[in-house]
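# kindly return the folded structure for what I paste below:
(chains A and B)
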Amino acid sequence: MSDNAISVQHLVKRFGETTVLDDISLEIPRGQVSCLIGPSGSGKSTLLRCMAFLEEATDGSIFIEGAPLGFVYDGAGKRQRQSATELRKVRSQIGMVFQQFNLWPHMTALGNVSAALRRVRKLSRAEAEEKAMVQLRKVGLENRAGHYPSQLSGGQQQRVAIARSLALEPKIMLFDEPTSALDPELTGEVLNVMRGLASEGMTMVVVTHEIGFAATVGNQISFLDQGKLLFTDAPSKVFAKPRHPRLEQFLDTYLDRGASTLV
Amino acid sequence: MGFDFNVILSKQDELISGIAMTIFVWVVGTFAAALIGFIIATARRYGGVIVDKALTVPIEVIRGTPFLVQLFLLYFGGPYIGLSLDALPAGLIALSIYGAAYFAEIFRAGYQSVPPGHVEAAECLGFTRVQVIRNILLPEMALLVIPPSVNMAIILLKETALLSLITVPEMTMTASAIGSQEYAFVEAMVLIALVYWVLVELAGVLGRFAEKKLSRYRLAKA
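Predicted coordinates:
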């Protein structure tokens, strides 16, 4: 098997007449942090959502650890939907973290984290909760286990959401702008948890506006603009001058707002 | 003309069986209506555009015509298409279908109230569709669907009175019969009005109890 956890090949996504992703090919190396950056509407979130099969690509294919995701090609080269069981199997290698956390409000933090262990892995309640506590401890929230999402801060909710995704021990973690819905003061705690995961060697794909995080934690950075993948490279090369003119323009808007002094 | 409830109360056995019949058709009819309504709403959500569109037609027809007309059509019209039903099954079926059309809309609104991201999170974790409905969608929509469902149950209770017109021996029919025989029609009506009202209040109490139990997570304080 190759060293790539995810392989995106000639991916096209159209919503009606609008082409959101235009022939994207991208390799996500195993055990590394890959960041997707770009202006709003560039298609970076859509690309990430395709990797979790939350959006169905119009054309092209995605392989997760070598296995096709969502669609398979039959002998005649015709694309067909994967069976629900097959899809769940491929998807089980992926954990997804959303911008809006998407915790289930009627369950406590512990309930959120243990739900998949109970329903999907069919563990007993006691076993599931024991494993869930390990994940809550990992994100520093073991003392909030009995709290409902409405009783937690945004940062805490996002950390519970990360613990929830980690509960099934995925090989790959996808993050869709995980700090964009948070107050600036709360982004740090979430980014710290993500740094911890990266240092453990988790394969991560992160859509982010945190250029500083991308530059310091990312192993590779992909820059998207208007549905096209302009380039993928190591941060040291991406941010070294002279920069790609479109990236320069994008970074200027950050510097204008004083949002990042890192680059 | 003096009011005299003793005449009516001397027929308490008949009255009680009438009340029991009303409660029976009400409870069975309401649960059947809720179940069918839920199935319709679920089919519309997952069955694709054609199923969704196809199911709007019967819902609109049922909601657009009076219950009494539907009941008569089923009971008196049914035999013309080879559907001869006894009064009780005809009444139960008519009540269930009538209620189902409204419950379908209640559950549709319930489904729509759950943020799509909550379902996506469950799907990413490998929940099956049934698990998503059972563990995420139903619990999350519960608070929203309970008040209109209680309201619908109350409406259905009052509609059961019309079953007397196809000879289901529920309490309106029993009370009318006793009232006419004993020349105490008004007393009989006053009595069953009280019983209907008590049952309505009971439904309200049960609904509020369920709401309170289910809203614990909303009321939890930091």
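# going forward, measure contacts between C-alpha atoms and count neighbours the same way
Noted.
# mind telling me what element the residue nearest to the spatial centre of chain B is part of?
The C-alpha lying nearest the average C-alpha coordinate of chain B belongs to B:T30 (C-alpha atoms, centre = their mean; 3.0 Å). Under the criterion of DSSP states H and E, B:T30 resides in helix B:12-46.
# helices and strands around that helix, which ones?
In terms of contacts (3 or more C-alpha pairs under 8 Å, 6 or more residues apart in numbering or on different chains; DSSP states H and E), helix B:12-46 is packed against helix B:48-63, helix B:87-113, helix B:138-159, helix B:171-181.
# going by proximity to chain B, name the top residue of the stretch 101-250 of chain A.
A:Q151 (4.5 Å; C-alpha to the nearest C-alpha).
# out of the helices and strands packed on helix B:12-46, which one sits most buried?
helix B:87-113 (a mean of 22; mean count of other C-alpha atoms under 10 Å in any protein chain shown).
# re the thing from before, doesn't B:A153 make contact with the residue nearest to the centre of chain B?
Yes. The pair B:T30 and B:A153 passes the contact test of C-alpha atoms under 8 Å, sitting 6.0 Å apart.
# what about the strands in the stretch 101-250 of chain A?
A:172-176, A:203-207, A:220-225, A:228-233 (DSSP state E, counting those that start in this stretch).
# okay, now the unreliable bits of chain A?
Within chain A, the set of residues satisfying pLDDT under 70 comprises A:1-2, A:255-263.
# for the residue nearest to the centre of chain B, give me its contacts.
Shown in contact with B:T30 (C-alpha atoms under 8 Å, 6 or more residues apart in numbering or on different chains): B:L95, B:S96, B:G99, B:A153, B:L156.
# residue ranges of the helices in chain A, please?
Using DSSP state H, the helices found in chain A span residues A:44-51, A:84-91, A:109-119, A:125-138, A:154-166, A:184-199, A:211-217, A:235-239, A:245-256.
# would you turn these into a markdown table with mean neighbour count and distance to B:T22?
A markdown table is the format used below for those (neighbours: other C-alpha atoms under 10 Å in any protein chain shown; distance: least, C-alpha to C-alpha, whole Å):
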| stretch | mean neighbour count | distance to B:T22 |
| --- | --- | --- |
| helix A:44-51 | 23 | 53 |
| helix A:84-91 | 17 | 45 |
| helix A:109-119 | 25 | 41 |
| helix A:125-138 | 19 | 42 |
| helix A:154-166 | 26 | 49 |
| helix A:184-199 | 16 | 58 |
| helix A:211-217 | 18 | 67 |
| helix A:235-239 | 16 | 75 |
| helix A:245-256 | 14 | 70 |
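# re the thing from before, to A:Q93, which of the helices and strands packed on helix B:12-46 lies closest?
Between A:Q93 and the helices and strands packed on helix B:12-46, the tightest spacing by C-alpha to C-alpha is seen for helix B:138-159, at 27.0 Å.
# the closest one - contacts with which helices or strands?
helix B:12-46, helix B:87-113, helix B:185-214.
# beyond the shortest one, next helix or strand please.
Towards the C-terminus, the helix or strand next in line after helix B:87-113, according to DSSP H and E, is helix B:116-124.
# could you give me the buried positions within that next one?
Neighbour counts over helix B:116-124 (16 or more other C-alpha atoms under 10 Å in any protein chain shown) mark B:G117, B:H118, B:V119, B:E120, B:A121, B:A122, B:E123, B:C124 as buried.
# just these that are near chain A?
B:G117, B:H118, B:E120, B:A121, B:A122, B:C124 (C-alpha under 8 Å from any C-alpha of the partner chain).
# any idea which element the nearest residue to the fifth one once chain neighbours are set aside lies in?
The one in question is B:A122. Spatial nearest neighbour of B:A122, excluding adjacent residues (C-alpha to C-alpha, 6 or more residues apart in numbering or on different chains): B:V132 at 6.6 Å. For B:V132, the enclosing helix or strand under DSSP H and E is helix B:129-132.
# can you tell me how far B:S164 is from B:G117?
Remark: distance between B:S164 and B:G117 (C-alpha to C-alpha, to the nearest Å) = 49 Å.
# again but with B:V130, I slipped
17 Å.
# same thing with A:L224?
24 Å.
# same question for A:F213.
25 Å.
# list the contacts for the residue nearest to A:T216 when sequence neighbours are not counted?
Residue nearest to A:T216 in three dimensions, not counting chain neighbours: A:P235, with 7.8 Å by C-alpha to C-alpha, 6+ apart. Counting by C-alpha under 8 Å, 6+ apart, A:P235 touches A:A214, A:A215, A:T216, A:G218, A:N219, A:Q220, A:I221.
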